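# return a 3D structure for these sequence lines:
(chains A and B)
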Amino acid sequence: MLSDSEFEHLRNLSKLELSEGEINKFKADFNDVIAFASQVSKAQVDLTKSYFSSIKMEDLREDMPKPSLKQEEVIKNAPNKKNGCFVVPRIME
Amino acid sequence: MLELGIVELKNLITNKKTTCEALTKAYIEEIKKSKTNAVIEVFSDAIDLAREMDKKIAAGFSGKLAGVPIIIKDNILYKGHVASAGSRFLADYVAEYSSTVTNKLLDAGAVIIGRANMDEFAMGSSTETSFYGPTLNPLDTTRVPGGSSGGSAASVAENLCAASLGTDTGGSIRQPASYCGLVGIKPTYGRISRYGIIAFASSLDQVGPLTKTVEDNALLLEVLSGYDQHDETSSHEKVDNYTAYLNKPIKGLKIGVINSVEAMVKGEQTEQAYNKFKNFLVDSGAEIVPVDINNMELVLPVYYIIAPAEATSNLARFDGVKYTRRSPRAKNIEEIFTMSRGEGFGSEVKRRIMLGNYVLSSGYFDAYYNKARALQYQLRQEFLSAFKKCDVLVTPVARGEAFKLGEKANPVDAYKEDVFTVSANITGLPAISVPFDNGKNGLPIGMQIIAPHFSEGLVYTVADYVEKHKNLKN
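Down below sits the predicted model:
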């Protein structure tokens, strides 16, 4: 069972505002989901062998700069912008 | 005419029996009349582009998709067009660049006529989690089309386009293909560039085509595949001429069946079709080879640890600063994050972000994420060993026919939908869904063919044989 404080910690890590209804529903569902995922814990498996990748390191392209999107294109979809920068409320007091 | 696939439509256009413009207009009319909510938006430039394509064709252009109208899933970027991944968060997001697959479609002469509905950020198996509301299955509108590429599948099944693109992270192309009676492939991880695809779980995501026939599918995969310098996980492996693998016998082919899958199929709606499928393969001269895959029953929990862990990281970029949406209530930076995300994401997305943070958080990381990664490695080795005994593996695609809207309200019930499909994503193997039978409600049931990495050609040989011979032997 996930405690209320653990749930709140997870919500904070996830940076999500949740409604009262969502909190109740998620708490109820979450224990089912965790129980489902925790089936992996019973498996006997070599934890040292966990990495694989489909990419061969020798296939990597050269690390050279190439033309990319312009600054105004990159920030075009930002909800608030000024002089090519993102605008956010003051962070330092 | 609208019921035709790519190859036939292209012939009609080449032989001047119709034009790309006429075809595009006819599809758009059908989309306007449609009640299934398969298509979120018809692109306003589609008819103009179709007209230009007709001029190019008249001047001698003969790309593989010359004049063929296609629909793309809402998580595939197309410069100057909205791509929202079925989310309220990105409802106003206009792509500043095109994905590699979009460019490949356009270069081959396709006209992209619109974007298809999907589960929000591809998280779902029914297209019910979309911000735009559910898509209905055109074969039975009380049922789901599957998901997350449900709009892509429904739009082809309802003849709203010649073919479509979907993405598949845990079965999101193959399961809707099965539910809508189509052919859908998840290629080998790395076969197709992911550049310009809104990411869900980057180590599992692949783009793939949904089509009416195996031939159309092979043709479209030829267009989409290949290394891309914008995606270093795309492969340098040579792209095969997939259409050359069609019209071949399967006599003597060794077809593996997984012993633990036999047990999972018992009592499911798909059991009868699966047994019939194995008999069909034997009657066709193939040899059935039973194989063991250890820990196969854990592939689903492994998936539901790895996929949310990656999603948590990928969706962190949606923070109220960079992408279109910021909560008007937010007064400080913390509120910009939490309120924008709280308002912008739907419940399933929030649930998976939290699950991902749970399995990655200190104290649980080794028990969940590390264990899942180790199991992923082991499962991959098990599949590779199985391919020493057989040429391809077969399983059902889904547990049965398309289910009713609202039927899978419990998240774990919904997750179990993916039981037969996730292994191909976890192992990176290519897998196709090909229509084979109908269930007790008369709705289609697809069968899955899985092959070794980069053996899409072999997948198509078997799928094409099934498509052409199933009615003769059923």
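# assign a three-state SS to the nearest residue to residue B:122 once chain neighbours are set aside, would you?
What sits nearest to residue B:122 in space, not counting adjacent residues and going by C-beta to C-beta, 6 or more residues apart in numbering or on different chains, is residue B:148, at 4.1 Å. For every residue, glycine as well, the C-beta is placed using N, CA and C. At residue B:148 the chain is in coil, as set by DSSP: H, G, I helix; E, B strand; the rest coil.
# residues of the stretch 201-350 of chain B that sit close to chain A?
By C-beta under 8 Å from any C-beta of the partner chain, the part of the stretch 201-350 of chain B that sits against chain A consists of B:229, B:232-233, B:235-236, B:295, B:298, B:301-302, B:304-305, B:312, B:316, B:319-326, B:330-333, B:336-339, B:341-343, B:345, B:347, B:350.
# give me the buried subset of those.
Using 16 or more other C-beta atoms under 10 Å in any protein chain shown as the burial test, those include B:233, B:235, B:295, B:298, B:301-302, B:304-305, B:312, B:319-326, B:330, B:336-339, B:341-343, B:345, B:347, B:350 as buried.
# send the alpha carbons of the helix or strand harbouring residue B:374 over as PDB?
Assigned by DSSP states H and E, residue B:374 falls within helix B:371-386. In PDB, the C-alpha atoms belonging to helix B:371-386 read as follows (Å, rounded to 0.1, in the frame of the first residue of the first chain):
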ATOM      1  CA  LYS B 371      15.000  -5.800 -12.700                       C
ATOM      2  CA  ALA B 372      12.900  -5.000 -15.700                       C
ATOM      3  CA  ARG B 373      15.900  -4.000 -17.800                       C
ATOM      4  CA  ALA B 374      17.700  -7.300 -16.900                       C
ATOM      5  CA  LEU B 375      14.600  -9.300 -17.800                       C
ATOM      6  CA  GLN B 376      14.400  -7.400 -21.100                       C
ATOM      7  CA  TYR B 377      18.000  -8.400 -21.900                       C
ATOM      8  CA  GLN B 378      17.200 -12.000 -20.900                       C
ATOM      9  CA  LEU B 379      13.900 -12.100 -23.000                       C
ATOM     10  CA  ARG B 380      15.800 -10.800 -26.000                       C
ATOM     11  CA  GLN B 381      18.400 -13.600 -25.700                       C
ATOM     12  CA  GLU B 382      15.600 -16.100 -25.300                       C
ATOM     13  CA  PHE B 383      13.900 -15.000 -28.500                       C
ATOM     14  CA  LEU B 384      17.200 -15.000 -30.400                       C
ATOM     15  CA  SER B 385      17.800 -18.600 -29.200                       C
ATOM     16  CA  ALA B 386      14.300 -19.500 -30.300                       C
END
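# just the buried positions in that helix, please.
Those would be B:371-380, B:382-383, B:386, for helix B:371-386 by 16+ other C-beta under 10 Å.
# state the distance from the residue of the stretch 1-150 of chain B found nearest chain A to residue B:251.
Closest approach between the stretch 1-150 of chain B and chain A, counting by C-beta to the nearest C-beta: residue B:96, at 4.7 Å. Per C-beta to C-beta, to the nearest Å, residue B:96 is found 52 Å from residue B:251.
# neighbour count winner among these two?
Each of residue B:96 and residue B:251 has its neighbours counted (other C-beta atoms under 10 Å in any protein chain shown); residue B:96 has more, 16 against 10.
# hang on, that one packs against residue A:71?
No. Counting by C-beta atoms under 8 Å, residue B:96 stays clear of residue A:71, with 11.4 Å between them.
# give me the number of neighbouring residues for residue B:208.
30.
# which ones are touching it?
If a contact means C-beta atoms under 8 Å, 6 or more residues apart in numbering or on different chains, then residue B:208 has B:165-168, B:173, B:184-187, B:192, B:221, B:224 as its contacts.
# all strands of the stretch 101-250 of chain B, in order?
According to DSSP state E, counting those that start in this stretch, the stretch 101-250 of chain B carries its strands in the segments B:111-116, B:163-168, B:183-186, B:206-211.
# could you see whether chain A lies near the second one?
No. Counting by C-beta under 8 Å from any C-beta, chain A is not contacted by strand B:163-168; separation bottoms out at 15.7 Å.
# pLDDT score for the residue sitting furthest away from the middle of chain B?
The outermost residue of chain B relative to its centre, with distances by C-alpha atoms, centre = their mean, is residue B:331 at 40.1 Å. Per-residue pLDDT puts residue B:331 at 95.
# what does residue B:232 give?
So residue B:232 comes in at 89 (pLDDT).
# could you report the distance from it to residue B:190?
With distances taken as C-beta to C-beta, residue B:232 is found 10 Å from residue B:190.
# find the nearest non-adjacent residue to residue 27, please.
In the absence of a named chain, chain A is used. residue A:7 (5.9 Å).
# the chain in question should be chain B.
Nearest residue to residue B:27, sequence neighbours excluded (C-beta to C-beta, 6+ apart): residue B:69, at 5.2 Å.
# gap between the longest helix along chain A and the chain center?
Criterion DSSP state H: the longest helix present in chain A is helix A:20-37. Computed by C-alpha atoms, centre = their mean, to the nearest Å, the separation of helix A:20-37 from the middle of its chain amounts to 19 Å.
# before we move on, what about stretch B:26-38?
On the basis of C-alpha atoms, centre = their mean, stretch B:26-38 sits 21 Å off its chain's mean C-alpha point.
# can you show me the CA trace of it as CSV?
In CSV, the C-alpha atoms belonging to stretch B:26-38 read as follows (Å, rounded to 0.1, in the frame of the first residue of the first chain):
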residue,chain,number,x,y,z
ALA,B,26,-13.7,12.3,-52.6
TYR,B,27,-11.8,11.1,-49.5
ILE,B,28,-12.4,14.5,-47.8
GLU,B,29,-16.1,14.3,-48.6
GLU,B,30,-16.1,10.9,-46.9
ILE,B,31,-14.3,12.2,-43.9
LYS,B,32,-16.8,15.0,-43.5
LYS,B,33,-19.7,12.4,-43.6
SER,B,34,-17.9,10.1,-41.2
LYS,B,35,-19.3,9.6,-37.6
THR,B,36,-16.4,7.6,-36.2
ASN,B,37,-14.1,10.5,-35.1
ALA,B,38,-11.2,8.8,-36.8
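# what comes into contact with that stretch?
Here stretch B:26-38 has contacts from B:1-2, B:39, B:42, B:46-47, B:69, B:113-114, B:116-117, B:132-138, B:141, B:145, B:150-151, B:154-155, B:158-161, using C-beta under 8 Å, 6+ apart.
# distance from stretch B:109-123 to the middle of the chain?
Using C-alpha atoms, centre = their mean, the offset of stretch B:109-123 from its chain centre is 11 Å.
# I meant to write stretch B:434-441 there.
For stretch B:434-441, the distance to the chain centre is 19 Å (C-alpha atoms, centre = their mean).
# buried ones in it?
B:434-437.
# just the mean pLDDT for that stretch, thanks.
So the average pLDDT for stretch B:434-441 ends up being 97.
# what about the closest residue to chain B within chain A, which SS state?
Of all residues in chain A, the one sitting closest to chain B is residue A:17 (2.9 Å; C-beta to the nearest C-beta). Under the three-state scheme (three-state DSSP), residue A:17 adopts coil.
# surely it is in contact with residue B:338?
Yes. The pair residue A:17 and residue B:338 qualifies as a contact (C-beta under 8 Å) at a distance of 4.3 Å.
# reformat the strands of the stretch 101-250 of chain B as JSON lines; add mean pLDDT.
Listed next are the strands of the stretch 101-250 of chain B as JSON lines, based on pLDDT from 0 to 100:
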{"stretch": "strand B:111-116", "mean pLDDT": "98"}
{"stretch": "strand B:163-168", "mean pLDDT": "98"}
{"stretch": "strand B:183-186", "mean pLDDT": "98"}
{"stretch": "strand B:206-211", "mean pLDDT": "98"}
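# of those, flag the one that's most buried.
strand B:183-186 (a mean of 33; mean count of other C-beta atoms under 10 Å in any protein chain shown).
# that strand near chain A anywhere?
No. Applying C-beta under 8 Å from any C-beta, one finds strand B:183-186 separated from chain A by no less than 14.0 Å.
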